[in-house]
Structure formats: C-alpha cells, structure tokens
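K.L.:
got a predicted structure plus its sequence, pasted below:
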Amino acid sequence: MRNLFLFLFRFRGALVFGLLEIISLYLFITNNSYQRAAFFNSANAYAGVVLAKRTQVTDYFHLNELNQQLVAENAALRQQLYPPDTVRREADSVAVPPARTDSVRRVRYRRPAARPDTLLLGQQRLPARNPSYPLIPARVINNMLRNVDNYLTLNVGSRNGVHAGQGVVGAGGVVGRVKVVTEHYATVTSLLHSKTSVASKIKRDGTFGTIRWLGDDPTHALLDNVLRETKLLPGDTIVTSGYNAVFPEGIFIGTVDSFVKEPDKNFWTVRVRLGVNFSNLTYVYVVTSRPKAERDTVEARTGLRPEGGAPR
Amino acid sequence: MSGLRFLVVQLLRFVLYAGVHVLLISRLVLFDLGWCFLYLGFLVFLPLATPMVVQLLLAFSMGLTMDIFYDTGGLHAAAAVLLGFVRPWVLRLLTPRDGYDSADTVNVHQMGWQWFSVYLTLLVLLHHAAFFLLELGSFRHLGLTLGKLLASALFTGLALLIVQLLFYPVRRGRN
C-alpha cells in the first residue's frame, strides 16, 4: 500500500497532467458534437456580462458602419411597405424546362402553384413575415470567424423567448442556430461551423441540397447533395428549403459561385458565396417556429427521429 | 507566508493576463492568420520553482477561462495543460552550465537573449501546434493551419517579448 502511494506521489505530475488533459478533451469533444449541451460557454452569466461590457466599448469605434447597416436594412423594409403595381398580378401557367426524367424532351405545362413564374420570384414576399415564424431582434456581442468551429454570442436569452435549436438570420441571410440559452444570453453555432448543415434548395428550380462549411473561407460554403444531372448556373440563388423546420422556407443563403464535377462523386461540388458578411455582423434575428414541436412529435412517432432528434 | 504571497501574486497576474486578453487582445487578428495568445505569458513567466501540480492546475484554469470566452469547450485548456507539462522539461533542457540560481526568474535581462528566445520559441511553437491541430481535428487544410501556426507563433512571441521588455526589471533580484 505504501509503495502504491509512493508510486502515485512520484508520478503525480504525469498523473495530474493526464487527468486534466482527459477533462479538457472531454469538454472539447462534447462541445463540438454540435447539439450536445455544454456547461462552459459564453452564454454563462458572468462571461456574458463581460462580453456585453466589451461590446459597449467597441461599439463606439464603428458606430458609423453600424448605422449604415441599419439604414440599408430600413430601406429594404420600407421598400416592402410600398408594393409595386405588379404585386397582385397572378402568374399564368408558364413553360418550364423539361424535367430530368422526361425522355421525350418536350415542354410541359404546369399549374403556377407547383412552379412559380420566374419573373415573379423577385417580388415574393419576405418569408420572415410568416406569422408562424415571429422574429426576435438580437445584438451580436461576441463573434469569431477564423476558427474551424465558430460561435456567436447574442444578448437575448430565455427571458426573451429564445430556445436552443432555433434559427438565427441576419439582414443578409442565414446566420446559424442557437446552441445554448441562459436567462439573458444565447450562444449560436454559426453557419461557419464544421458540423452545421442547412437544408437548402436552388430557388430557380427547387432542387434540394445541403449547405455545409469546409472550415477555410468565411465568405464561401459548399452546397452538397445536388445530383449531377441538375443544371446549374453561376449566380443561382440558394435559399433555405424549410425542411428541417429551423428556418422558414425561402430565406436567402447565398449565390452559386462555381461548380465542378468530381470524378468519384455522384454530386456536384458547388461553391456558394454566402450572403451574410460574418465579419461585420451586428444585428440579427432569432427565428422562432411555432409548429416545430408538433412536427417533431409526429416525426418521432413515425420513427424518423429515433433518438429525439432536435435539441430542446 | 511565502506560499500565501505566491498565491496572491499569481492570482493578480491571472486576472491581469486574462482581463487584458479577453477585453483587448482577443479581437485582434493579423492578416486573418495570426492570433495573439497573450494569456500564455501567465504560464510561460511563472517562477522557475513552481511545483508541477500547481503549474498544471494554473494552466488548466487559465485555459478553461479562455474556453468560456471563446466557446471552445476544452481546446485552450488542453493546449495550455500540455504547455504546463512540457515547461519543466524545456527548462531542464536549457539549464545554464552552473545550474539555475535561486534568484533566477524567466526574465530576458537576467537569462540573456539567447536563452530567452529559445525558451519562448520552443514553448510557443509547441502550444500552437497542439492548439491548431486539435482544433482542426484532422489534416485537411494543412497549409492554412501551418500558416496560422507560424503567424500566431510570431505574433504571440513578439507580444510576450514586449511584455518582458516593458514590465520586467532590468536589475537582478528585485522581483
């Protein structure tokens, strides 16, 4: 027994080192697993207060830039108040290009409900007005974009009605997803996170895909799972598909920058230029979605989400 | 008595380094590649005779504090604990011909430029290598990571050198 204690004492350095490393790596790995709860993060009350104070100070140094952002957004919102005279125009049945299964290669006609007129797409209403997705305005008080896994901290929390798992959008498009909430603060998994994936689609023809971030460039992301038969154009708009019920349908994500066919894959590798400029993100909106709980329940009951799926 | 004094002094240094790092330095990114890990100064400039276990615990708490502000779970803590563990080895490797004096501290004026630069380069490079490879979790963007590593090491090294030149006494034995 005495020898054991002597042994432990002799190698106490290595033992403590091993123990502390195991604790840190455990915390690091559970933190990175995207949807697991984390205890030590900046939504914590003390860290939140420090970060909020720092934001108060640094705000003075870019008030100008901040005002310009808000003015631009105000202008965009004001624009919506005055609908152009074409807004009540109903789309006729329109010619759509042949679908990829159509062997005859003839032009088919569809009802406008299935495929909207591309000319009218630009005048679509902002999906944020959808009453089932009210917005909670929030201020970004901590932000990073050069790491492999990036997070934001917002100055809203459970008191304002924010819950973990809700989506976050900015004026430029999708920003991320709430990870941890405390009473006054919330941590957001940014779109620039190695585990983020956003269900999205190409607005022009409705092809579905998944947006992922590869970890190198904060202005671009990758659109995955687009079949090789799909016709793509540079400049195509990518929007959310609303499939994972975090974001409403049709929120802007970015535009197609370039695309290549890789020899060993069934899918296009599409580079997407992101709409949000993460380097000067200041005001964002948390998207609450009411029907989600019910939808989760029914999907869990069908067995689509075996382990309870979405975070609460 | 001296133990209590040690504890109070280190606590003050901890708060100072962590505060300056979180409030000022953490927003600084050089050419999108280089971060300044100023808080490493707290660990690198600890007294030479600090017991191993104390050193590891201090490294862990400093790393965890940074993790809370960076939302990185235990990434900073893991790299900092590794730094704390390797420091005695580096010190032993660099022992002067006649051993360390009892009054010796990690001080560029006392130990000389050569000793100090080798000491700092070794520790900072090791810490950054552990940090960035762990953050990446794989070897995908090796070039970018290597760039980050070198730029950050240069940035951190220069910042810590400036701290030394500004705040550490030139004359021997005052601290």
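P.N.:
It's in. Because the structure is predicted, anything quoted here is derived from the model rather than measured.
K.L.:
can you map out the helices along the stretch 151-300 of chain A?
P.N.:
A:292-302 (DSSP state H, counting those that start in this stretch).
K.L.:
and the residue of it that's closest to chain B?
P.N.:
residue A:151 (3.9 Å; C-beta to the nearest C-beta). From N, CA and C alone the C-beta is placed, and that goes for glycine too.
K.L.:
so who does that residue touch?
P.N.:
A:41-42, A:142, A:144, A:179, A:187-190, A:193, B:70-71 (C-beta atoms under 8 Å, 6 or more residues apart in numbering or on different chains).
K.L.:
again, but for residue B:67
P.N.:
A:27, A:40, B:73-77.
K.L.:
wasn't it part of a helix?
P.N.:
Yes: looking at residue B:67 with DSSP: H, G, I helix; E, B strand; the rest coil, it is inside a helix.
K.L.:
for it, report the pLDDT, please.
P.N.:
Residue B:67 carries a pLDDT score of 83 in this model.
K.L.:
what residues does chain B put near chain A?
P.N.:
B:22-23, B:27, B:29, B:32-33, B:35, B:52-53, B:56-57, B:59-60, B:63-64, B:67-75, B:77-78, B:81-82, B:84-85, B:88, B:134-137, B:140-141, B:144, B:148 (C-beta under 8 Å from any C-beta of the partner chain).
K.L.:
tell me which of those residues fall in strands.
P.N.:
B:29, B:35 (DSSP state E).
K.L.:
helix/strand/coil for residue A:54?
P.N.:
Going by three-state DSSP: residue A:54 is helix.
K.L.:
check contacts around it.
P.N.:
A:141, B:22-23.
K.L.:
residue ranges with poor pLDDT in the chain?
P.N.:
No chain in the question, so chain A it is. A:32-45, A:75, A:78-134, A:289-297, A:299-300, A:303-312 (pLDDT under 70).
K.L.:
oops, wrong one, chain B.
P.N.:
For chain B, the ranges with pLDDT under 70 are B:1, B:102-103, B:137-140, B:171-175.
K.L.:
show me where it has its helices.
P.N.:
Secondary structure of chain B (DSSP state H): helices at B:2-23, B:40-44, B:52-70, B:75-93, B:108-111, B:113-136, B:142-167.
K.L.:
any idea how far residue B:65 is from the closest residue to chain A within chain B?
P.N.:
For chain B and chain A, the shortest gap (C-beta to the nearest C-beta) falls at residue B:73, measuring 2.7 Å. Distance of residue B:73 to residue B:65, given as C-beta to C-beta, to the nearest Å: 13 Å.
K.L.:
so what's the gap between the helix or strand hosting residue A:27 and the chain middle?
P.N.:
In the assignment (DSSP states H and E), residue A:27 maps to helix A:12-32. On the basis of C-alpha atoms, centre = their mean, to the nearest Å, helix A:12-32 sits 31 Å off its chain's mean C-alpha point.
K.L.:
wait, does that helix contact chain B?
P.N.:
Yes: interface with chain B: helix A:12-32 contributes A:12-14, A:16-17, A:20-21, A:23-32 (C-beta under 8 Å from any C-beta).
K.L.:
report the buried members of those.
P.N.:
A:13, A:16-17, A:20-21, A:23-25, A:27-28, A:31-32 (16 or more other C-beta atoms under 10 Å in any protein chain shown).
K.L.:
dump the residue contacts of the closest residue to residue B:86 other than its chain neighbours.
P.N.:
Nearest residue to residue B:86 in three dimensions, chain neighbours excluded: residue B:126, at 6.0 Å (C-beta to C-beta, 6 or more residues apart in numbering or on different chains). Applying C-beta under 8 Å, 6+ apart to residue B:126 gives the contacts B:82-83, B:86.
K.L.:
of the residues of chain B next to chain A, buried ones?
P.N.:
B:22-23, B:29, B:33, B:35, B:52, B:56, B:59-60, B:63-64, B:67-75, B:77-78, B:81-82, B:84-85, B:134-136, B:141, B:144, B:148.
K.L.:
dump the residue contacts of the residue nearest to the spatial centre of chain B.
P.N.:
Nearest to the geometric centre of chain B sits residue B:40, at 2.7 Å (C-alpha atoms, centre = their mean). Residues in contact with residue B:40 (C-beta under 8 Å, 6+ apart) are B:80, B:83, B:123-124, B:127, B:156, B:160.
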